[in-house]
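Trainee: With the sequence up front, the predicted model follows.
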2 protein chains.
Amino acid sequence: MADAAAAEFDIRCYMESLRPEIDAALDGVLQSGDALPPNLHAAMRHSVFAGGKRLRPLLAIAGCEACGSAAEVALPAACAVELIHTYSLIHDDLPAFDDEELRRGQPTCHTVFGEAVAILAGDALQALAFEILAQAAVSRGAATSWSAAGVEMARAAGSVGMCGGQTLDIEAAGAALELSDLRQLHAHKTGALLTAAVVSGGIVGGADDAAVAALRTYGDALGLAFQVVDDLLDVEGTAAELGKKPGGDAAREQPTFPALIGVAGSRAEAARLRDVAIAAVEVLDSSRSAPLVALAEYIVSRSY
Amino acid sequence: MADAAAAEFDIRCYMESLRPEIDAALDGVLQSGDALPPNLHAAMRHSVFAGGKRLRPLLAIAGCEACGSAAEVALPAACAVELIHTYSLIHDDLPAFDDEELRRGQPTCHTVFGEAVAILAGDALQALAFEILAQAAVSRGAATSWSAAGVEMARAAGSVGMCGGQTLDIEAAGAALELSDLRQLHAHKTGALLTAAVVSGGIVGGADDAAVAALRTYGDALGLAFQVVDDLLDVEGTAAELGKKPGGDAAREQPTFPALIGVAGSRAEAARLRDVAIAAVEVLDSSRSAPLVALAEYIVSRSY
């Protein structure tokens, strides 16, 4: 059933139709580039509007829709998760981390605004994400659901989620990791926030416990699939497609799935995880979960 | 009335009696130092337990008590504000900012754990602060009040609060600021979070609109008084009292109140702001607002 609905579902059209709405919402929550202090707000905007795919906002919206609510309901969660993701990229690109000059084909935040303002822009984006969630709890009703979404997001962003994964990643450079360690690293670094996106969208969209559990399984599998594909693209992609130089993982001696299980093994693993994700959301109404199914297909087949 | 109550009130005893409770609550919300990844959690604990005065938690608790609720009610807000404050110190001490090796007489986070882990420890402490507030909204009832406290705290931490003030501070180094600019810088950098502490404590303690307004006026005046005294101590204090070398502001060519209005003028300004703060909370029940009055006295008379 889900497969039939997904087969008819045009994921690119879905993504393109929601993108202006997501970008307008992000524009609305960010201060203008000339608000005091102008440099800080310009830095925040620079990175938020540097051309991301808005995958996490789409997952929040698709999770919400799969639980029977309108896309608009999830917009604060969609904005919050994208701001957290953007802040993590700003900090990840710093000289103390990956020291990247390009991200999504654009100069990185610290390259344009300096290291101190880039650190602060990341910090302020994280604060803004939680302001948006708390404000939704105050002004949209359903304060407990919005607060539960805030807990999801904060835990996923923090020391047992993304920041923890980032630490494991730093410590893994040059180390001989087992496959289970690599999975754990990525479950923290990338997976936790992807899961929080879809779960928090579901929660504010009215998910019951079974739906939350389904979305969590979906997110966890999808998050790992996303990273396996990322590693594959770093081996196989081109700079034009990626917006950055491929081969960065190997240059930094970062452990990757292709290095541990080969390119063919990684492709098979990505496909397996996609199927786990799709199977998990079969308990939801198939007419409403088509975007989630199609997003899982898209993430595994993407070329950038 | 308030003065009479405050005169009898032993602020040092109040601070010392609450400190173990605040520290136990902080200990309870932080992962243990051997939780995965151990380095990150050890770094978070290093900075949270590096000997702060817990002034912001005390303000949250005193704000809550002034509105008729028990200290315990405000503990999540007390923890959240201290975690945000601690993260800001970690980032402020980084080489890209003040490049400090000592803070409160202890080696700074990046000195012990390296720059990358210190940045992540700060990031994770901020996430944890908002997790605590959102969790309180979910599990303590009064979800809307806790969410409103979350909005206060997030706004105070973000680009129009602390991060904005920090940016203004960087840009002010070596610049000839007017007094109004210096006030604005500190209202953002230090004042916003102090105000958020006392206001959010009040909100979760049941403050009505008039009480929130009174606490906001109190916090704004106290925040500025705090910074004026900080600048005075940097001119007049000793390393033993401060836990860091005095004269740092002058060395970094940071504009200060003593530089703009003189030492005597700064003392008079601190006293005036203290009186504004104390007058603001006269609308509250004087038997309950004695800690707020005494904290204002303490902050202006402190020597470290």
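Mentor: Noted; the coordinates are in hand. Numbering: from 1, shown residues only, chains lettered A, B, ... in the order given.

Trainee: Touching, residue A:206 and residue A:66? I think so.
Mentor: No. Counting by C-beta atoms under 8 Å, residue A:206 sits too far from residue A:66 to count as a contact (10.3 Å). For glycine as for every other residue, the C-beta is placed from the backbone atoms N, C-alpha and C.

Trainee: The stretch 101-250 of chain A: strands as residue ranges?
Mentor: With DSSP state E, counting those that start in this stretch, the ranges of strands along the stretch 101-250 of chain A come out as A:102-103, A:106-107.

Trainee: now the first one: how far from the chain's centre is it?
Mentor: Which is strand A:102-103. Put simply, strand A:102-103 sits 17 Å off its chain's centre (C-alpha atoms, centre = their mean, to the nearest Å).

Trainee: doesn't residue A:51 fall inside a strand?
Mentor: No. Residue A:51 is assigned coil when assessed by DSSP: H, G, I helix; E, B strand; the rest coil, not a strand.

Trainee: Low-confidence bits of the stretch 201-304 of chain A, can you list those?
Mentor: For the stretch 201-304 of chain A, the stretches with pLDDT under 70 are A:238-246, A:248, A:250-252, A:304.

Trainee: before we move on, the earlier item: any idea which of the strands of the stretch 101-250 of chain A gets closest to residue B:272?
Mentor: Taking C-beta to C-beta, strand A:106-107 is the member of those nearest to residue B:272, at 47.1 Å.

Trainee: Given the closest one, what are its sheet partners and their directions?
Mentor: Under the criterion DSSP bridges, strand A:106-107 sits next to strand A:102-103 (antiparallel) in its sheet.

Trainee: Rounded mean pLDDT for the strand it pairs with, please.
Mentor: For strand A:102-103, mean pLDDT is 92.

Trainee: residue closest to the middle of chain A?
Mentor: Centroid-nearest residue in chain A, with C-alpha atoms, centre = their mean: residue A:56, separated by 4.0 Å.

Trainee: wait, what's in contact with that one?
Mentor: By C-beta atoms under 8 Å, 6 or more residues apart in numbering or on different chains, the contact set of residue A:56 is A:78, A:81, A:82, A:85, A:193, A:194, A:197.

Trainee: Now name the helix or strand holding residue A:292.
Mentor: Using DSSP states H and E, residue A:292 maps to helix A:286-301.

Trainee: ok, back up a step: residue A:206 and residue A:66: which has the busier surroundings?
Mentor: In this view residue A:206 and residue A:66 are compared by other C-beta atoms under 10 Å in any protein chain shown, and residue A:66 has more residues nearby, 28 against 14.

Trainee: And the contacts of the helix holding residue A:292?
Mentor: Taking C-beta under 8 Å, 6+ apart as the rule, helix A:286-301 contacts A:1-6, A:8-12, A:14-15, A:55, A:58-59, A:61-63, A:65-68, A:198, A:218, A:222, A:225-226, A:229, A:270-271, A:273-274, A:277-278, A:281-282, A:284.

Trainee: Buried only: go through those for me.
Mentor: For the contacts of helix A:286-301, a neighbour count by 16 or more other C-beta atoms under 10 Å in any protein chain shown gives the buried set as A:2, A:5-6, A:9, A:11, A:14-15, A:55, A:58-59, A:61-63, A:65-67, A:198, A:218, A:222, A:225-226, A:229, A:270, A:273-274, A:277-278, A:281, A:284.

Trainee: What lies in contact with stretch A:175-189?
Mentor: Outside stretch A:175-189, the residues touching it (C-beta under 8 Å, 6+ apart) are A:160-162, A:164-166, A:168-169, A:172, A:220, A:223-224, A:227, A:255-257, A:260-261.
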